[in-house]
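A.B. asks: task: produce atomic coordinates for the following.
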Amino acid sequence: MKKLIAALVAASCLSACVPLVFVGGAAVGLWVGSDPRRPEVIKADFDLDAQLEAKIIDTYKERAHVNVSVFNDVVLLTGEVPDEAAKQQVEQFAGQMKHKPRKVYNEVVVALPSSGMNRLNDSQIGARVKTAVLAEAGDTSAVHIMVVTERQVVYLMGVSKPDIIERAARAASRVSGVKQVVKLVEIEPDGPADAAK
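C.D. replies: So this is what the prediction gives:
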């Protein structure tokens, strides 16, 4: 499995877009367009993602399936946990990390872990959403959005202009299989995407 993931990541680095993000053996995030973050911000986000995911896996093992997505110090938690206490605890873990996030969106649900078939379906929906958003935007350099799909709900993360966000959300909502679109995209400031840091 590790060799497959390494091969896919290596192959995807050849494209202009940021590659698939693999968490817990499932593809959960797809970049649309370019990534506006500075390299050090990308590294900080990657480290926070990896540390938080490791803490959740160490605590819950196979009893939970939680995907962690991080962009510009904003954390999105999706997936399934065994009970309400676990849902609260995975959010608390984010605040206990060495590098604390600015914001945490806890979209985890209390349910049995999703099946491999459901995760594959989410990955396929995410890929179709990415294609739809790119087609709608036309200019990939103007789009800085991460598409995260969980339980047929599409989450849009990143930094972009209001009109791009609305167009991306409309395009995503028209994709077959999408139950809901949740916009977590921050409005692009006048300066760099991470100027607030």
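A.B. asks: how many residues are close by residue 103?
C.D. replies: 12 (other Cβ atoms under 10 Å). Where you see a C-beta, it was placed from the backbone N, CA and C, and this is true even at glycine.
A.B. asks: please apply the same query to the one 5 residues further on.
C.D. replies: By the criterion of other Cβ under 10 Å, residue 108 has 24 neighbours.
A.B. asks: and what of residue 159?
C.D. replies: Neighbours of residue 159 (other Cβ under 10 Å): 24.
A.B. asks: go on, residue 99?
C.D. replies: 12.
A.B. asks: show me what contacts it?
C.D. replies: Shown in contact with residue 99 (Cβ atoms under 8 Å, 6 or more residues apart in numbering): 44, 47-48, 51, 73.
A.B. asks: swap in residue 143?
C.D. replies: By Cβ under 8 Å, 6+ apart, the residues touching residue 143 are 32-34, 133-134, 137, 160, 164, 168.
A.B. asks: who wins for neighbours among these?
C.D. replies: Most neighbours among those, by other Cβ under 10 Å: residue 168, with 29 neighbours.
A.B. asks: SS state for that one?
C.D. replies: At residue 168 the chain is in helix, as set by DSSP: H, G, I helix; E, B strand; the rest coil.
A.B. asks: switch to numbering from 643
C.D. replies: Understood, numbering begins at 643; the last thing we discussed is residue 810.
A.B. asks: pretty sure it is touching residue 800, no?
C.D. replies: No. Using Cβ atoms under 8 Å, residue 810 is not in contact with residue 800, being 9.2 Å away.
A.B. asks: what do these two both touch?
C.D. replies: Common neighbours of residue 810 and residue 800 (Cβ under 8 Å, 6+ apart) are 787, 827.
A.B. asks: any idea how far residue 778 is from residue 772?
C.D. replies: For residue 778, the distance to residue 772 equals 11 Å [Cβ to Cβ, to the nearest Å].
A.B. asks: do the same with residue 808
C.D. replies: For residue 808, the distance to residue 772 equals 17 Å [Cβ to Cβ].
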